[in-house]
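**Student:** Kindly generate the corresponding structure for this input.
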Amino acid sequence: YGTDHFTKGGVCEGGRYAGVITAKSYGRSGVADTAAGYSADRRRQSKGKRRQSTDRLKERQSCAMKVLIVGSGGREHAIAASVAKSKKVDKIYCAPGNAGIGQIAECVPIGAMEFDKITAFAKEKAIDLTIVGMDDPLVGGLIDELESAGLRAFGPRKNAAVLEGSKAFSKDLMKKYHIPTAAYETFDDPKKALAYLETAVMPVVLKADGLALGKGVLICNTLEEAKDGVKTIMEDKKFGAAGSRMVIEEFMTGREVSVLSFVDGKTIRIMTSAQDHKRAGDGDTGLNTGGMGTFSPSPFYTEEVDAFCRKYIYQATVDAMASEERPFQGIIFFGLMLTDKGPRVLEYNARFGDPEAQVVLPRMKNDIIDVIEACIDGTLDQITLQFEENAAVCVVLASEGYPVSYEKGFPIGGLEKFEGKDGYYCFHAGTKEDGQQIVTNGGRVLGVTATGRDLHEARENAYQAAEWVTFENKYMRHDIGKAIDEV
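**Tutor:** This is a model prediction of the structure:
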C-alpha cells in the first residue's frame, strides 16, 4: 500500500499510529471503499514494503507534532527552546509555563500537580508527546496517569522516579549493587538519629529523604550543628513531609560534577558534563539554593573519570533499576563527587537539572525529539549524542533575599537585547506577564546563558549579558565558574 496513494492520515494515539486511511481507486468504479479498490498485486506486497510505507507516513505525520511541556522554570524554558528547534514540531504548549516560555509556546493555566486536568487537556488537544520537566509530578506518577489514558509521555514512571523521590531508596540501591557512594545510615526516628550522631565522625551530611526543591541537605561541621539539623529536618519539618525520614551520610571532599543522561530502560547515553553552584553567596557562602549558576563542560570531568563512571556507575545504575523491576526511561542526573578515592555518587535526579539544562541543551546538536522518542521506544542504542565543540556558562539572576524571603512584581528591563544575538540566551524561571510588561515572580528570576569558544570566553560573555538585564532587587553571584581558573 504505497504512500503515494494515501490521501488522508489519522492521529497519533498512545504512541502508535491509528486512524482512517482512504485510498485512490485502482478500479473503474470511481472511489474505492475498504479494500475493494486495491488490486490483487497490491494486497500481496511484502511486509517490508508495507513497513517502509508506514514509516514514511509516520514521518509525514510527525512533522506536525503537538508537544506539551509540564513545568514553569528555567529548565522548562530550555527544554521548550530545544523542542522549538525540531522540524517535527508544529505546536508547543506548556503547563503552566512562564512569561519567557510564552514567547515560544502557548501557556495554559494548569498546575504541574493537577494530573486530571493535564491528562484531559492532552486528550482534548490530541497532544502527541508530553514532556514532564519537574520532579514533583514525576515522583507523583504523572507519567503513569498519561500512559493509562493512552497518551505518549517522556519521563520515568512513578516506580522508577523513586530514584530521586527517596534518598533512602537510592542509597540502598547503590549499596546492594555496589555502586560507589558515601557511607550512610537511614533514620525514621529522630531520637535514634541523635544517638547515632554521638559516635559519628564530623563533619556529616544530613539529607531529607524526600523532595525538597534541592534544599533538603545540611552540611554539619560539629555535633551541635548536626543535632540542630536533625531537629530542623525531622522535628520542625522545615522541608515538610520530605523530612519524615532522614539519611545521615559520610562527608566527602572533592570536586562536584553533574552529568546528565538519556535512558530507555536498558541503554544509557551520556550528555556533556556540567558544574553547578548551590550556595547563595560568593565564595560558596550562604544557604543552599536550587542553583545560582553553572558551566559546561566541566574541565575536571576527565577521560579517566568518564571511563570509571561508565564502568561502575552509569550502566550499573540502569541495570540495577531494571533488576528491581523498575525500568527507568527518561533523564538520569548523576550528581558526582570526584574524591581522592575516585568518583562517588552524591545523588540521583530523575529529570534535567536546573540550571544544568540551561548550559547542556544549547550545546546539543541532536534533534531532542528524536532522542526522546528513542527513549520511549527503547531504541536509544541507535542514537549517537552530539554536542558543539564549545562551552557555556549560565548566571542566575535572583531576587535579593533568595532563598529565604524576597519581594516580587518588579518590571524587568533589557530582555529585548537578547533578540538576534547568536550564542546568548535568557531563560525565564520566575517571571510573569503583567499587562504589557514582564515582571519578577520568584526567587530565581532568569538564567542568562552564553556560549564561547572556551569556558573563559563563555563566562565573560555570560557576565556581560547579565548586565543587559535590569530589575529593582536584582542579585547574582559574581564568581560563577571561578573553578575554571584553578584547572
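**Student:** Now do the end-to-end distance for stretch 476-487.
**Tutor:** Across its full length, stretch 476-487 reaches 24 Å between end residues, using C-alpha to C-alpha, to the nearest Å.
**Student:** Just list the residues touching the most centrally placed residue in the chain, thanks.
**Tutor:** Note on the chain: the residue nearest the mean C-alpha position is residue 352, at 1.8 Å, using C-alpha atoms, centre = their mean. Listed by C-beta atoms under 8 Å, 6 or more residues apart in numbering, the contact set of residue 352 reads 75, 78, 79, 133, 260, 331, 333, 360, 361. C-beta here means a position set from N, CA and C on the backbone, and glycine is covered the same way.
**Student:** Which helix or strand contains it?
**Tutor:** Assignment of secondary structure by DSSP states H and E places residue 352 within no helix or strand.
**Student:** again with residue 195
**Tutor:** When secondary structure is defined by DSSP H and E, residue 195 falls within helix 190-197.
**Student:** Which elements pack onto the very next helix or strand once past that helix?
**Tutor:** Next along the chain after helix 190-197, taking DSSP H and E as the criterion, comes strand 204-208. Counting contacts by 3 or more C-beta pairs under 8 Å, 6 or more residues apart in numbering; DSSP states H and E, strand 204-208 packs against strand 217-220, helix 223-230, strand 246-250.
**Student:** residues near residue 175, how many?
**Tutor:** Neighbour count of residue 175, defined by other C-beta atoms under 10 Å: 12.
**Student:** would it count as being in a strand?
**Tutor:** No. Under DSSP: H, G, I helix; E, B strand; the rest coil, residue 175 sits outside any strand and is assigned helix.
**Student:** and it, what does it touch?
**Tutor:** Residue 175 neighbours (C-beta under 8 Å, 6+ apart): residue 181.
**Student:** just residue 160 next, same as before
**Tutor:** Residue 160 sits next to 321, 326, 327, 328, 329, 330, 350 when contact means C-beta under 8 Å, 6+ apart.
**Student:** Is the first one within a helix or a strand, and which one?
**Tutor:** In this case it means residue 321. Here residue 321 is assigned to helix 315-323, by DSSP H and E.
**Student:** how about that helix: buried residues?
**Tutor:** For helix 315-323, the neighbour count (16 or more other C-beta atoms under 10 Å) marks 315, 316, 317, 318, 320, 321 as buried.
**Student:** ok, and the closest non-adjacent residue to the last one?
**Tutor:** Right, the one you point to is residue 321. residue 328 (4.5 Å; C-beta to C-beta, 6 or more residues apart in numbering).
**Student:** Count the neighbours of the one you found for me.
**Tutor:** 28.
**Student:** so how far is residue 152 from it?
**Tutor:** Between residue 328 and residue 152 the distance is 17 Å, computed by C-beta to C-beta, to the nearest Å.
**Student:** Let me have the helices and strands packed on strand 204-208 in TSV, extended by mean neighbour count, mean pLDDT and distance to residue 181.
**Tutor:** Formatted as TSV, these follow (neighbours: other C-beta atoms under 10 Å; pLDDT from 0 to 100; distance: least, C-beta to C-beta, whole Å):
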stretch	mean neighbour count	mean pLDDT	distance to residue 181
strand 217-220	19	91	14
helix 223-230	18	96	20
strand 246-250	22	94	8
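**Student:** I'd say residue 407 and residue 473 touch.
**Tutor:** Yes. Contact criterion C-beta atoms under 8 Å: residue 407 and residue 473 qualify, at 6.0 Å.
**Student:** Identify the contacts common to the two.
**Tutor:** Counting by C-beta under 8 Å, 6+ apart, the residues touching both residue 407 and residue 473 are 399, 400, 401.
**Student:** Would you list the phi and psi of the last one?
**Tutor:** Per-residue torsions, residue 401: phi 110, psi -20 (degrees, to the nearest 10).
**Student:** Mind pulling up the pLDDT for it?
**Tutor:** According to the prediction, residue 401 has pLDDT 97.
**Student:** Look up how far residue 443 lies from it.
**Tutor:** Distance from residue 401 to residue 443, by C-beta to C-beta: 8 Å.
**Student:** Contacts only, for residue 474.
**Tutor:** Residue 474 neighbours (C-beta under 8 Å, 6+ apart): 397, 398, 399, 400, 445.
**Student:** what number of residues lie near the second one?
**Tutor:** Translated: residue 398. Residue 398, neighbours per other C-beta under 10 Å, totals 28.
**Student:** Report all helices and strands that the host helix or strand of it contacts.
**Tutor:** Per DSSP H and E: residue 398 is located in strand 391-399. Contact here means 3+ C-beta pairs under 8 Å, 6+ apart; on that basis strand 391-399 packs against strand 293-296, helix 357-360, strand 444-452, helix 455-466, strand 474-475.
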